[in-house]
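Asker: Kindly generate the corresponding structure for this input.
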Amino acid sequence: MKNYKLKFLTTLVIAGLMSCGDSQQGSHKNSNMDTTSNQTLAKKTDMITQKITPSLWVDKGAKAVVDYYLSIFKDGKMKEYRQYKNPPEAKEQGGQDSFETAIMEIGDIEFSILAAGPYFKFNESVSFVINCKDQAEVDYYWDALTANGGEEGSCGWCKDKYGLSWQVVPVEYFDLINSDDPKVREKAMKNTLKQKKLILSELK
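Answerer: Predicted coordinates for the structure are as follows:
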């Protein structure tokens, strides 16, 4: 329960900071909440391009996390990095002195990174699917995500070094498992259960 209180407090602080104030950037100085004008609020609202943004909680090093994913997803970019001081209420709940946030864009999707301590871990109940155009792309993402502390799973699932789950899938796979031909569907599904990385030639 303590961790959930901490997360709730931190989330409130982040929401307040993102909507009510600007933090120092470039020099990465800690920031405090302040009151801003309606013009600033409108500007911030205009910057939000997604209705829903996946938020990833990590222990520390928001910039390092972004650098890691950008080394894999080559067309991505870091859009924002901020560092904040925790309020006294969060510290009383066991929080750290400060926390970091970052926003990265990979695969045309914005992800919010919250580096606020080792209180929560990723698990397989949430994963992200990478739709790959061919086997070569499957091989690339599978090898990149399972390297340097990542982990292979089964049926096209793997984890990266932070423990985040990914499903690396060739788009043709969906045609196979949804084929009008029951023999094609059965072979694809049966062989899926035998594989870790999906090998398209063995599923056909």
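
Asker: give the contact list for the residue nearest to the spatial centre of the chain.
Answerer: When C-alpha atoms, centre = their mean is applied to the chain, the residue found nearest the centroid is Leu56 (4.8 Å). Neighbouring residues of Leu56 by C-beta atoms under 8 Å, 6 or more residues apart in numbering: Val65, Phe111, Ser112, Ile113, Leu114, Phe122, Leu164. From N, CA and C alone the C-beta is placed, and that goes for glycine too.

Asker: try Glu172
Answerer: Contacts for Glu172 (C-beta under 8 Å, 6+ apart) come out as Leu200.

Asker: Would you mind measuring from it to Gly150?
Answerer: Going from Glu172 to Gly150 by C-beta to C-beta, to the nearest Å gives 24 Å.

Asker: can you check Tyr81 too?
Answerer: Counting by C-beta to C-beta, the gap from Tyr81 to Gly150 is 24 Å.

Asker: returning to what we had before: doesn't the residue nearest to the centre of the chain lie inside a strand?
Answerer: Yes. Per DSSP: H, G, I helix; E, B strand; the rest coil, Leu56 lies within a strand segment.

Asker: Beta-bridge partners for it, please?
Answerer: Ile113 (DSSP bridges).

Asker: buried stuff in the one helix or strand Cys158 maps to?
Answerer: Assigned by DSSP states H and E, Cys158 belongs to strand 157-159. Within strand 157-159, the residues scored as buried using 16 or more other C-beta atoms under 10 Å are Trp157, Cys158, Lys159.

Asker: With distance to Lys77 and pLDDT as new columns, can these be given to me in a markdown table?
Answerer: Listed next are those as a markdown table, based on distance: C-beta to C-beta, whole Å; pLDDT from 0 to 100:
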| residue | distance to Lys77 | pLDDT |
| --- | --- | --- |
| Trp157 | 27 | 98 |
| Cys158 | 24 | 98 |
| Lys159 | 24 | 98 |
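
Asker: which residues of the chain fall in strands?
Answerer: Applying DSSP state E to the chain gives strands spanning 55-58, 77-85, 98-106, 109-115, 127-132, 151-152, 157-159, 165-170.

Asker: average model confidence for the shortest one?
Answerer: Looking back up the chat, that one is strand 151-152. Here strand 151-152 scores 98 as its mean pLDDT.

Asker: I'd like to check what contacts that strand. Which residues are they?
Answerer: Contacts of strand 151-152 (C-beta under 8 Å, 6+ apart): Trp142, Thr146, Cys158, Lys159, Lys196, Lys197.
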